[in-house]
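In: coords please:
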Amino acid sequence: MAHADYDPTGDRVVVHTVWNQKDIITAVPGARFDAVNKYWVVPSAWASLVILRGVFGADLTLSKRLIDWAWKLRRDWVDQAMTLRVALNAPDDDSPEMNMMKSWRT
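Out: A predicted model of the protein is given here:
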């Protein structure tokens with residue numbers, strides 16, 4: 001089972017895996033192995049967390065520190081970005097441009 005923790009000193013997410021999960025963790029963009037400390041490091045970004053959960057599924061546990069950091073990140077950045085994403089008040093017509101913008105709101 002993989003375990004992820006937030007490292008505030010390096011502003012990164014540290015992932016401890018077992019030997020046979022190498023192919024899984026390398027699916028996360030930016031993942032690199034720290035040979036000195038024997039763990040994987042992924043960028044501290046919302047996308048990294050989403051991809052970690054996607055590739056490991058239920059085989060990933062999260063530290064309380066990482067969970068707290070992720071909630072703060074969601075509240076401060078992700079939720080605001082999602083609000084702005086649908087805040088566009090464009091004219092509602094059947095133009096190709098408007099249809100494309102409507103598809104962004106889903």
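In: only C-alpha atoms from now on, for both contacts and neighbour counts.
Out: Noted.
In: which residue ranges of the chain form strands?
Out: 2-7, 12-16, 32-34, 39-43, 60-62 (DSSP state E).
In: could you give the angle of the longest one to strand 12-16?
Out: In this case it means strand 2-7. Angle of strand 2-7 versus strand 12-16, following axes from the mean of the first three to the mean of the last three C-alpha atoms, to 10 degrees, is 150 degrees.
In: any buried residues in strand 2-7, and which?
Out: Ala2, Ala4, Asp5, Tyr6 (16 or more other C-alpha atoms under 10 Å).
In: strand partners (parallel or antiparallel) of that strand?
Out: strand 12-16 (antiparallel), strand 60-62 (parallel) (DSSP bridges).
In: okay, buried residues for the longest one please.
Out: Under the neighbour-count criterion of 16+ other C-alpha under 10 Å, strand 12-16 has Val13, Val14, Val15, His16 buried.
In: possible to save those residues as TSV with distance to Glu97 and pLDDT?
Out: Below are the buried residues of strand 12-16 laid out as TSV (distance: C-alpha to C-alpha, whole Å; pLDDT from 0 to 100):
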residue	distance to Glu97	pLDDT
Val13	39	97
Val14	42	97
Val15	42	98
His16	46	97
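In: next, format the residues you listed as TSV and append distance to Asp68.
Out: Formatted as TSV, the buried residues of strand 12-16 follow (distance: C-alpha to C-alpha, whole Å):
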residue	distance to Asp68
Val13	13
Val14	15
Val15	16
His16	19
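In: returning to what we had before: distance to Trp40 added to the strands paired with strand 2-7, as JSON lines?
Out: Formatted as JSON lines, these follow (distance: least, C-alpha to C-alpha, whole Å):
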{"stretch": "strand 12-16", "distance to Trp40": "5"}
{"stretch": "strand 60-62", "distance to Trp40": "13"}
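In: and the gap between Gly57 and Ile51?
Out: 9 Å (C-alpha to C-alpha, to the nearest Å).
In: so for the two, which sits in the more crowded spot?
Out: Between Gly57 and Ile51, Ile51 has the larger neighbour count (other C-alpha atoms under 10 Å), namely 15 against 11.
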